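Peer 1: here you go, sequence then predicted model.
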Amino acid sequence: MTVCSTLALALIAQIAPSPPPDGPLTPAPLASPSAAGALESPEPLPSATPVPAASPVPSAAASETATPSPYTYRFVPRQPAHPVPGAPQIFVVYLNGKTLRSLGPILIKVVTDPETVKVTSRSNGREGVIPMVAPGDFEAASKLPKIPFIAAGMTIQLEFVATSASGLKTVVRVPVGLQ
């Protein structure tokens, strides 16, 4: 067993809750101050100021069960220095990978300004709408079509088009590899 895993097990043992006691809960008897040899004071003790509780340390088991994000590729487009008033903005595009595989999954998340009402993606003559899940959050999951073997290793541009309610559009091109 390595030092790290021994230390992790020791930490888990320290923060693991103790089992509940058998039988009904009753308060434990308090030791009287005179029995402990302490001097009794005629004045009440000043109330202690509350101390904030320490935040719990996540256990190693909890961190292992956390679901990792399916998005491993993050593309942040350059924003215009002076955006047109009312024009939609795309702040970031997330994909499941920088290289996409033939017949493999494609996961897309596009983060926009709240005024964007529609986002479409297009490439190589294909186009699709990415559904809005919340204002400014558009997400889709799909499967790629069969990519011709000659295209393997190529880099293409996926285009994402954000549209505002007034019809203004913004296009962002994201480079991705094909396999």
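Peer 2: In hand now; what should we look at?
Peer 1: contacts and neighbour counts: CA atoms only from here.
Peer 2: OK.
Peer 1: looking at this, residue 97 is in a helix?
Peer 2: No - checked against DSSP: H, G, I helix; E, B strand; the rest coil, residue 97 lies outside a helix; its state is coil.
Peer 1: thinking it is in contact with residue 71, fair?
Peer 2: Yes - using Cα atoms under 8 Å, residue 97 is in contact with residue 71, at 6.8 Å.
Peer 1: in the chain, which segments are predicted with low confidence?
Peer 2: 1-65 (pLDDT under 70).
Peer 1: and stretch 146-159, which residues are buried?
Peer 2: 155-156, 159 (16 or more other Cα atoms under 10 Å).
Peer 1: nearest to residue 123, of those residues?
Peer 2: Distance to residue 123 across those (Cα to Cα) is lowest for residue 159, with 6.3 Å.
Peer 1: ok, and the closest non-adjacent residue to that closest one?
Peer 2: residue 173 (4.5 Å; Cα to Cα, 6 or more residues apart in numbering).
Peer 1: isn't residue 105 right up against residue 140?
Peer 2: No - at 10.6 Å, residue 105 does not count as touching residue 140 under the criterion of Cα under 8 Å.
Peer 1: tell me, how many residues neighbour residue 124?
Peer 2: 9 (other Cα atoms under 10 Å).
Peer 1: should've said residue 166
Peer 2: Counted with other Cα under 10 Å, residue 166 comes out at 12.
Peer 1: so who does it touch?
Peer 2: Listed by Cα atoms under 8 Å, 6 or more residues apart in numbering, the contact partners of residue 166 are residue 86.
Peer 1: tell me the SS of it?
Peer 2: Assignment for residue 166 (three-state DSSP): coil.
Peer 1: in strands, which of the buried residues of stretch 146-159 fall?
Peer 2: Applying DSSP state E to these, the entries found in strands are 155-156, 159.
Peer 1: can the residues you listed go into a markdown table with extra columns for distance to residue 66?
Peer 2: Converted to a markdown table, those look like this (distance: Cα to Cα, whole Å):
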| residue | distance to residue 66 |
| --- | --- |
| 155 | 33 |
| 156 | 33 |
| 159 | 32 |
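Peer 1: out of these, which comes closest to residue 128?
Peer 2: residue 159 (10.6 Å).
Peer 1: wait, that closest one sits on residue 171?
Peer 2: Yes - Residue 159 is in contact with residue 171 according to Cα under 8 Å; the separation is 6.5 Å.
Peer 1: got the domain boundaries for this structure?
Peer 2: According to automatic domain parsing, the chain comprises the domains 1-16+55-67, 73-178.
Peer 1: most tightly surrounded among those domains?
Peer 2: domain 73-178 (a mean of 16; mean count of other Cα atoms under 10 Å).
Peer 1: can you tell me which residues contact the residue nearest to residue 159?
Peer 2: 157-160.
Peer 1: who touches residue 109 in this structure?
Peer 2: Contacts of residue 109 (Cα under 8 Å, 6+ apart): 93-95, 137-140.
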